[in-house]
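Undergrad: Got a sequence here, can you build the structure:
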Amino acid sequence: MTGIDFTVFKGSSSGKIVQSTTHRDGLKPDEVLLKITHAGLCGTDLHYKTSDIVLSHEGIGVVQAVGSQVTTFKQGDRAGWGYLHNSCGHCDECLSGNEIFCPERAMYAYADTDQGGFASHAIWKADFIFHIPDAISSSDAAPLMCAGATVFNAMHLYGMLPTDRVGIIGVGGLGHLAIQFAAKMGCQVVVFSGTDSKKEEAMQLGASEFYATKDAEKLQIGAPIKHLFVTSSQQPDWKSYLPVLAPHAKIYPLTVSSDALTLPYMQLVNNGLTLQGSICPSRGTHVKMLRFAALHGIKPIVQEFPLTRTGKLEKGEVRYRAVLVAEA
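TA: Numbering: from 1, shown residues only. Have a look, this model is predicted:
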């Protein structure tokens with residue numbers, strides 16, 4: 001392969017999405033060329049609409065060509081990628097299987113900014129893309145690359161047990177997947193949302209209990225919660241939630257916020273609470289997430305749009321993940 005040019009859609013200083021072209025001289029020995037078929041739209045993309053980068057980190061495509069050293073993929077395979085594109089491979093984090101924390105990690109918006117899901121094609125290192133199980137459609141797979149992977153990562157790594165009572169704040173892009181994962185892991189799932197409008201849906205997804213919080217002066221939920229996952233678009237009123245946590249409970253802020261995080265200090269100390277940072281998973285956990293989703297039929301609720309269409313997310317019209325589909 002001598003070279004390839006492909007169409008991409010980028011942010012701009014005005015916030016308008018612009019069409020551009022990315023060029024690659026050819027495939028390196030360890031790379032794979034994907035023709036993109038589906039791309040998820042994530043809340044994180046809104047933060048970069050005014051940046052000169054190709055948007056979307058929830059890409060799904062079909063392998064068109066592989067480098068000379070690639071043995072894990074072949075032409076015609078479906079594959080996807082998420083936030084992480086590369087790592088050094090030799091630091092302590094990489095050698096421990098935690099390459100998402102590699103000091104030299106290459107991640108969305110910080111590296112490879114001329115590539116992304118909103119494009120006709122992409123070229124990635126074979127070691128950082130994932131086979132899509134046959135049981136998962138390409139449209140359903142796209143949101144799992146980030147949203148599904150993010151919630152599964154926190155649940156998988158930090159000691160959540162099937163016997164635990166788990167709280168999930170927010171029924172949105174992350175929250176509706178967190179409900180499904182926690183329920184299929186065998187947990188008692190307690191969902192918090194502003195109003196009752198999403199109660200029926202949350203219960204159908206696997207919630208055990210549902211509480212509307214908008215006008216509640218004090219949360220009355222019975223037994224305390226061992227793990228609390230924050231998936232709402234804004235930080236919650238921590239004073240309302242800390243009293244319903246069990247001793248030694250863990251809190252996982254999973255959404256993006258530029259605001260300072262301020263917690264009631266003494267409640268945190270007196271109850272031995274843990275505030276656990278967590279982002280997208282390293283590759284081993286990402287693969288486990290896809291296997292788990294395929295086995296248990298976990299699927300995002302998606303709305304499909306043409307790959308050229310943008311702007312739906314800000315209007316709050318999407319339940320719960322937008323997936324852009326390339327024309328055949």
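Undergrad: Who are the packing partners of the strand ranked longest in the chain?
TA: If you go by DSSP state E, the chain has its longest strand at strand 31-41. Packing partners of strand 31-41 (3 or more Cβ pairs under 8 Å, 6 or more residues apart in numbering; DSSP states H and E): strand 58-66, strand 121-125, helix 138-143, strand 321-325. Backbone N, C-alpha and C define where each C-beta goes, glycine included.
Undergrad: Report the distance from that strand to the chain centre.
TA: 16 Å (Cα atoms, centre = their mean, to the nearest Å).
Undergrad: So which bits of that strand are buried?
TA: The neighbour-count check on strand 31-41 (16 or more other Cβ atoms under 10 Å) flags Glu31, Val32, Leu33, Leu34, Ile36, Thr37, His38, Ala39, Gly40, Leu41 as buried.
Undergrad: Any figure for the gap between the closest residue to Gln234 other than its chain neighbours and His38?
TA: Distances taken as Cβ to Cβ, 6 or more residues apart in numbering put Ser257 closest to Gln234, at 7.2 Å, once the chain neighbours are dropped. In this view, Ser257 and His38 are 28 Å apart by Cβ to Cβ, to the nearest Å.
Undergrad: Could I get the full set of strands for the stretch 101-250 of the chain?
TA: 106-107, 121-125, 130-131, 165-169, 188-193, 209-212, 225-230, 245-253 (DSSP state E, counting those that start in this stretch).
Undergrad: strand partners of the fifth one, parallel vs antiparallel please.
TA: Translated: strand 188-193. Strand pairing for strand 188-193, using DSSP bridges, gives strand 165-169 (parallel), strand 209-212 (parallel).
Undergrad: cool, the second one as well?
TA: Strand pairing for strand 121-125, using DSSP bridges, gives strand 31-41 (antiparallel).
Undergrad: Point out where the stretch 201-328 of the chain drops to low pLDDT.
TA: For the stretch 201-328 of the chain, the stretches with pLDDT under 70 are 309-317.
Undergrad: mind checking how far Pro281 is from Gly89?
TA: On the measure of Cβ to Cβ, Pro281 and Gly89 end up 17 Å apart.
Undergrad: More neighbours: which of these two?
TA: Pro281 (25 against 11; other Cβ atoms under 10 Å).
Undergrad: pLDDT score for the closest residue to the more buried one other than its chain neighbours?
TA: Leaving aside its chain neighbours, Pro281 sits nearest to Asn153 (3.7 Å; criterion: Cβ to Cβ, 6+ apart). For Asn153, the pLDDT comes out at 98.
Undergrad: Would you state the helices of this protein in chain order?
TA: Ranges of helices in the chain, per DSSP state H, are 43-47, 92-95, 138-143, 149-157, 175-184, 199-205, 238-241, 265-270, 283-296.
Undergrad: possible to save those helices as TSV with distance to Thr213?
TA: Output for these, formatted as TSV (distance: least, Cβ to Cβ, whole Å):
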stretch	distance to Thr213
helix 43-47	20
helix 92-95	37
helix 138-143	25
helix 149-157	20
helix 175-184	13
helix 199-205	12
helix 238-241	7
helix 265-270	18
helix 283-296	28
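Undergrad: quick one: which of those is nearest Arg105?
TA: helix 92-95 (8.5 Å; Cβ to Cβ).
Undergrad: buried ones in the closest one?
TA: Buried-residue list, helix 92-95, by 16+ other Cβ under 10 Å: Glu93, Cys94.
Undergrad: what do you get for stretch 60-77?
TA: Under 16+ other Cβ under 10 Å, the buried positions of stretch 60-77 are Ile60, Gly61, Val62, Val63, Gln64, Ala65, Val66, Gly67, Val70, Phe73, Asp77.
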